[in-house]
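Engineer: Sequence below, structure please.
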Amino acid sequence: APGRTIRCYRCGKTHGVSEHARTTFCPHCNIAIDLCDATISSVTSRPIDIRGNLTITHSGHVCSALTICSEAFVTGRVSGTLICESTLRLECSGRMNCQIHAKSVVIEERARLMLTYPTKSVDLTVHGQAAGSFECTGRVWIASGGSIEGRISASSLVVEYGGTLLAETSIHPPARQESFKPEDEFDPAATSRPLPAY
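Structural biologist: Below you'll find the predicted structure:
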C-alpha cells in the first residue's frame, strides 16, 4: 500500500507512492518528481521539484520559474515561485524577488529581508527583520528583536516585548480549517505585480 500521497503541481493531481521510493512519475502528466533532499550551492536555473528538504546555501541562487519542496532552509537567493509544503526558514538578506507559498514561514534572527511579492502562509514567525506583504490564514508571531514593515493579514498577531511592528495590519477571524492547501493558493498561470519598496 502507498506510504504517502504526492501532489503534482503541474497538473494538480495526486497519487500514492511507497515510503521507500526515491523518485516517482506523475501518472497523469508523466512529470518526474524527486523524493530526496537537495542542496544548492551555486547558481542554477533548472526546475526543482522535490518532496524532500531543500537547502540553498549562502552561495546558492535558484532562478527557476517554479521551485517545489517539502521543507526549505535558505541562506542564499531564490527567484520565481517557491512552494514549501511544510516549513520555510529564511536566513538570507537583501531583496528577494520570489513568490512564496508555504505552510509555515520563519524569518531567522540574522535575516534582513525585503520581499518583493506577497508571502502567503498559514503561520509566520519573525526573529529577524522583514519588509513586504504577508498574507497568513493563521498566526503572525513577532519575537523579541524581530521586526516587520509593510502589510500583514492574519487571524491573530502576537508581538513580544522587544519586537517591532511597522505595518498596516488586518486581523480577520480564523478559517474553520487552517490546513495548508497550496493547490488553492497557487496558480502557475497567475502573475503578481511586485510591491513598491518600503
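Engineer: Can you pull up the most central residue in the chain?
Structural biologist: A102 (3.6 Å; Cα atoms, centre = their mean).
Engineer: who's in contact with stretch 41-52?
Structural biologist: With contacts defined as Cβ atoms under 8 Å, 6 or more residues apart in numbering, stretch 41-52 is touched by 6, 9, 31-38, 40, 54, 57, 59-70, 76, 85. The C-beta positions use only the backbone N, C-alpha and C, and glycine is treated the same way.
Engineer: at 6 Å instead, please
Structural biologist: 33-38, 57, 59-64, 67-70 (Cβ atoms under 6 Å, 6 or more residues apart in numbering).
Engineer: dump the residue contacts of the residue nearest to the centre of the chain.
Structural biologist: Neighbours of A102 in contact, by Cβ under 6 Å, 6+ apart: 84, 88, 121.
Engineer: same question, G146
Structural biologist: 126-127, 163.
Engineer: just to revisit the earlier point, can you say which of the contacts of stretch 41-52 are buried?
Structural biologist: With burial judged by 16 or more other Cβ atoms under 10 Å, the buried subset of the contacts of stretch 41-52 is 33-35, 38, 60-62, 64, 67-70.
Engineer: in the sheet, who's paired with the residue nearest to the centre of the chain?
Structural biologist: Under DSSP bridges, the beta-bridge partners of A102 are C84, S121.
Engineer: Now do the helices in the protein.
Structural biologist: Using DSSP state H, the helices of the chain run over 182-185.
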